[in-house]
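> I'll drop the sequence and a predicted model, then ask my questions.
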Amino acid sequence: MIDAWTQPAIVAVLLGGVGFVALFVPILVWESRRHGQIRVDRVIGAAMVAVFAVALLAYTLLPFPDKEWCSTHRLPGRNLDPLEVVRDNLDYLREHGARRLLRSFVFLQAALNVLLFVPFGALARRYFGIRAGWTILLGFATSVLIEAAQGTGAFGLLPCRYRVADIDDVILNTLGTVIGAVAAPLLLFFVTDARATA
């Protein structure tokens, strides 16, 4: 049975794979012109970028609501109170203890928001060779765009808003980007740094 966690992963692998295959020749041309050669590790990096890009969209935006869903569900609110997630985790810790906190939805949601953007920071730094400051700014802007899409029903293209637009998600996503950018040489050690071969 496919659950809410595995469905976006399947979508990411399938559509990301299709996107990579569709762009395979342009990727080879780009690598050859920019780096003077075609390196297998950087072609693998391109495949990772394709799968991650689809995964990011799938985990943050899918499934889209239809009119029936909108008419039968209460529309989610918005959280514009920064660091409410910290207070929620501390409250849960006081009530239930550390062991239960680490398995709780409130903690896992925060942790996964950080983890989701770690590849963003790592790929931007290592594969694309973007400077750390620009990488962090790009991660922040991407997260803001995603939250805005969630809180407006994809800017009015969908029948209703269907996810909570949360300022804490932006903070956590940006933190994940920072971790990925700093840890890029360790996380993607097998991919040649774009800045070293440009």
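Arrived safely, thanks for sending.
> where does the chain have its least confident helix or strand?
Ranked by mean pLDDT, DSSP states H and E, the weakest helix or strand in the chain is helix 194-197, scoring a mean of 77.
> buried residues in that one, which are they?
residue 194 (16 or more other C-beta atoms under 10 Å). Every C-beta, even on glycine, is put in place using the N, C-alpha and C of the backbone.
> what's it in contact with?
Contact with helix 194-197 is made by 34-37, 39, 42, 126-129, as judged by C-beta atoms under 8 Å, 6 or more residues apart in numbering.
> quick check, residue 142 in contact with residue 120.
Yes - using C-beta atoms under 8 Å, residue 142 is in contact with residue 120, at 7.0 Å.
> who has more neighbours, these two?
More neighbours surround residue 120 than the other of residue 142 and residue 120, with 24 against 19 (other C-beta atoms under 10 Å).
> next, the more buried one: phi, psi?
Dihedral angles of residue 120 (phi, psi; degrees, to the nearest 10) stand at phi -60, psi -50.
> begin at 30 from now on, thanks
In the new count, where the first residue is 30, that last one comes out as residue 149.
> hang on, isn't it packed against residue 169?
No - at 10.4 Å, residue 149 does not count as touching residue 169 under the criterion of C-beta under 8 Å.
> mind listing the shared neighbours of the two?
202, 206.
> ok, now which ones touch residue 83?
40-41, 44-45, 48.
> re earlier: which one (most neighbours) among the contacts of helix 223-226?
residue 155 (28 neighbours).
> how much space between that one and residue 219?
10 Å (C-beta to C-beta, to the nearest Å).
> shaky segments in this protein?
Low-confidence segments of the chain, defined by pLDDT under 70: 30-33, 226-227.
> quick one, strands of it?
Taking DSSP state E, the strands of the chain run over residues 107-108, 194-195.
> what does the first one rub up against?
Here strand 107-108 makes contact (C-beta under 8 Å, 6+ apart) with 180, 193-197.
> strand partners (parallel or antiparallel) of it?
Strand 107-108 pairs in its sheet with strand 194-195 (parallel), by DSSP bridges.
> closest to residue 139 among the contacts of strand 107-108?
residue 197 (7.6 Å; C-beta to C-beta).
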